[in-house]
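Enquirer: Need a 3D model of the following:
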Amino acid sequence: MPEATDPRPSLDQTTPVPAPSRHRSRKLAWSAAALLAAIVVGVIVVVLLTRGHAAEPAPTAAAWERQRYGASVGLYDVTFADRDRGWAVGFGGTIVATADGGATWAPQSSGTSVVLYGIAFPDRQRGYAVGDGGTLLITKDSGQTWRRSSAGTRASLFGVDFCDARHGLVVGLDGTVVSTGDGGTSWSARSSGTRAYLEGVAFVDSSHAWAVGFDFEANAGAILATKDGGVTWSAQSSQSSAYLSDVAFGDATHGWAVGEGGTILATTDGGATWSAQSSGTGAFLRAVAFSDLDHGWAVGEGGTILATTDGGATWRAQRSGTSWGLTAVAGADAVRGWVVGGDGNGGAGVILATTSGGAAQ
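Expert: Predicted coordinates for the structure are as follows:
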């Protein structure tokens with residue numbers, strides 16, 4: 001979504017906990033009787049506290065932990081090629097990368113200062129980033145060098161996805177869809193049949209893909225589908241007036257779309273029909289990702305993270321530790337995931353990670 005219409009909340013700052021004061025030892029004058037009484041009482045208390053009780057359990061580790069990424073800008077998207085190698089993009093042409101699962105992040109030179117909204121890596125070497133003004137960047141060396149490519153449009157581009165090293169799709173403003181079948185050497189504009197803002201795209205295989213957004217003319221959530229690799233597109237009924245911001249598919253039949261007002265839509269027939277799932281929140285959900293047909297996350301404003309282990313039949317809130325807007329999520333498997341976001345003004349951002357499926361350990 002364009003920056004101007006991206007409602008992200010500010011972080012609710014908490015008061016720092018003061019460091020404990022230093023205690024100075026003091027000499028106390030005790031009478032012999034008082035000292036003896038104190039010892040007896042202390043022994044009785046210890047016995048009462050320990051009798052029949054197990055040792056206090058160790059404190060649980062945070063479900064989602066912040067990762068340092070060496071920048072202070074908001075982030076819009078994140079992707080991982082495997083459990084170790086990942087990239088995130090955001091304001092000011094920012095690209096940061098990790099080769100150790102997020103333990104450390106390092107900046108990469110994008111060669112641009114525009115906002116980058118989307119990123120995709122079909123493998124460890126090849127990557128694609130998209131952003132304002134038709135910006136399309138390509139790398140063939142894991143991001144050590146990025147070069148500008150022509151998408152054939154000046155429209156802002158919001159989403160990008162590849163199903164393999166050759167076949168990719170990019171979507172954006174005013175129904176923009178461009179596709180490649182040769183790994184980005186050439187790009188072709190496709191007619192989407194709509195002027196909707198298209199924000200999210202999911203490319204499942206070389207034939208099947210879906211794009212979602214919002215159709216301002218129809219005042220409804222927009223869902224488009226293709227069965228020929230993006231050459232032709234047809235509209236699917238979302239049965240929703242919510243702005244849809246992202247879409248994910250586990251295979252050619254099972255998919256999920258998320259958006260404003262806590263909207264989660266699901267399909268089990270390739271989008272022929274979509275039905276609402278109960279999210280338990282009214283937050284604007286910005287992104288969704290599934291590692292298989294059962295395990296998925298959805299994230300959004302106010303630090304919202306939702307998780308499902310049954311394909312969306314039930315969604316449960318997870319503690320993110322932030323109230324900033326979360327804009328993207330990537331999952332390597334059912335337990336390892338990453339989330340990015342920011343303060344809504346572009347001046348500060350966050351990367352969160354979990355190795356426990358988002359549950360406290």
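Enquirer: so what's residue 177 bridging to?
Expert: Here residue 177 sits in beta bridges with residue 171, residue 190, as judged by DSSP bridges.
Enquirer: wait, isn't it in contact with residue 193?
Expert: No - if you go by Cβ atoms under 8 Å, residue 177 and residue 193 don't touch, sitting 9.6 Å apart. All C-beta atoms are positioned from the backbone trio N, CA, C, and that covers glycine.
Enquirer: Return the helix or strand in the protein with minimum mean pLDDT.
Expert: helix 32-50 (a mean of 37; mean pLDDT, DSSP states H and E).
Enquirer: Sketch out the low-pLDDT regions of the stretch 251-361 of the chain for me.
Expert: Scanning the stretch 251-361 of the chain with the threshold set as pLDDT under 70 gives 360-361.
Enquirer: residue ranges of the strands in it, please?
Expert: Counting by DSSP state E, counting those that start in this stretch, the stretch 251-361 of the chain has these strands, from start to end: 255-259, 264-267, 275-277, 285-290, 296-300, 304-308, 316-318, 325-331, 337-342, 349-354.
Enquirer: got JSON lines for those strands, with distance to residue 198 and mean neighbour count too?
Expert: Shown next, in JSON lines, are the strands of the stretch 251-361 of the chain (distance: least, Cβ to Cβ, whole Å; neighbours: other Cβ atoms under 10 Å):
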{"stretch": "strand 255-259", "distance to residue 198": "12", "mean neighbour count": "28"}
{"stretch": "strand 264-267", "distance to residue 198": "16", "mean neighbour count": "22"}
{"stretch": "strand 275-277", "distance to residue 198": "21", "mean neighbour count": "15"}
{"stretch": "strand 285-290", "distance to residue 198": "15", "mean neighbour count": "26"}
{"stretch": "strand 296-300", "distance to residue 198": "19", "mean neighbour count": "28"}
{"stretch": "strand 304-308", "distance to residue 198": "23", "mean neighbour count": "24"}
{"stretch": "strand 316-318", "distance to residue 198": "28", "mean neighbour count": "16"}
{"stretch": "strand 325-331", "distance to residue 198": "16", "mean neighbour count": "26"}
{"stretch": "strand 337-342", "distance to residue 198": "21", "mean neighbour count": "28"}
{"stretch": "strand 349-354", "distance to residue 198": "24", "mean neighbour count": "24"}
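Enquirer: Let me have those in TSV, adding distance to residue 165 as columns.
Expert: Formatted as TSV, the strands of the stretch 251-361 of the chain follow (distance: least, Cβ to Cβ, whole Å):
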stretch	distance to residue 165
strand 255-259	23
strand 264-267	27
strand 275-277	33
strand 285-290	20
strand 296-300	25
strand 304-308	30
strand 316-318	33
strand 325-331	18
strand 337-342	22
strand 349-354	26
